[in-house]
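In: Below: sequence and its predicted model.
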Amino acid sequence: MTRVLVVDDAPLFTAGLSAAFENAGFTVVGQAEDAMAAVMLAKELKPDLVVLDVLMPGMSGIEVVDKIIGASPGSKVVLLTSSESEEDLLAAIKAGARGYIVKSTPFPQLVESMKWVVKGGSVVSPMMGGKLFDTVAQLLKHRDVLVGRKPTLTGREVEVIQLIADGQTSREIGEKLFISENTVKNHVRNILDKLGLHSRNEAVMYALREELITISG
């Protein structure tokens, strides 16, 4: 029987989702309302599945994914989101999430998709899946161009890409490099212009391929 930990700061949503899991034959072994409580419960309960909201007090669901996996390596983590941000989706995948589902998905459909995750699969909401394919398509479209050109990036631009790859926001990058958030955004625009790319994620993929940066962990 699949053991589930449900994490969300909205009690009514948590209760409804938990009931849907129980009705489908899962066992809800715990509930939490914030990220750190989720980590502690995951460590204690070792659930098969952890389903958590992206937006929570203290720390986002994306930021806490690797902490949950570290506390309970056998747990599969699925994020529920109200955002359809491409960058959030890719950050969730990088963090180790096995699913990224829009929170408005009806409970029966959401719970049914969890059966696939438990079996070792991954799930993404249809709209988010489309965005993921669009990103891959853009990377492939630029592949031939990128292989044939070697734009020169400044040391600061490489620093910015490295911090993006590490999951830092523009504000966090600015604080780390002692520059303004707007300056960070200007660096990002210059990087994309030089590389002929359209998103931060494409820039990260380019920098990794050219061995300008590394992925930590």
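Out: Now that the structure is in, tell me what you want to look at.
In: From here on, just use CA atoms for contacts and neighbour counts.
Out: Fine.
In: pLDDT weak spots in the protein?
Out: Within the chain, the segments meeting pLDDT under 70 span 136-150, 216-217.
In: how's it carved up into domains?
Out: 3-125, 149-209 (automatic domain parsing).
In: and Lys131, which of the ones you listed is closest to it?
Out: Nearest to Lys131 among those is domain 3-125; the distance by C-alpha to C-alpha comes to 6.2 Å.
In: most tightly surrounded among the domains of the chain?
Out: domain 3-125 (a mean of 19; mean count of other C-alpha atoms under 10 Å).
In: just how off-centre is that domain within its chain?
Out: Centroid separation between domain 3-125 and its chain, computed with C-alpha atoms, centre = their mean, to the nearest Å, is 12 Å.
In: Could you work out the end-to-end span of that domain for me?
Out: With C-alpha to C-alpha, to the nearest Å as the measure, domain 3-125 spans 23 Å from end to end.
In: Turn the domains of the chain into TSV, columns for distance to Leu132.
Out: Below are the domains of the chain laid out as TSV (distance: least, C-alpha to C-alpha, whole Å):
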stretch	distance to Leu132
domain 3-125	7
domain 149-209	11
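In: Does Lys103 touch Leu80 like I think?
Out: Yes: at 5.1 Å, Lys103 counts as touching Leu80 under the criterion of C-alpha atoms under 8 Å.
In: Show the contacting residues for the most centrally placed residue in the chain.
Out: With distances taken as C-alpha atoms, centre = their mean, Ala92 lies nearest the centre of the chain, 1.1 Å away. Taking C-alpha atoms under 8 Å, 6 or more residues apart in numbering, we find Ala92 in contact with Ile62, Val65, Leu79, Tyr100.
In: how much space between it and Asn190?
Out: From Ala92 to Asn190 the distance is 26 Å (C-alpha to C-alpha).
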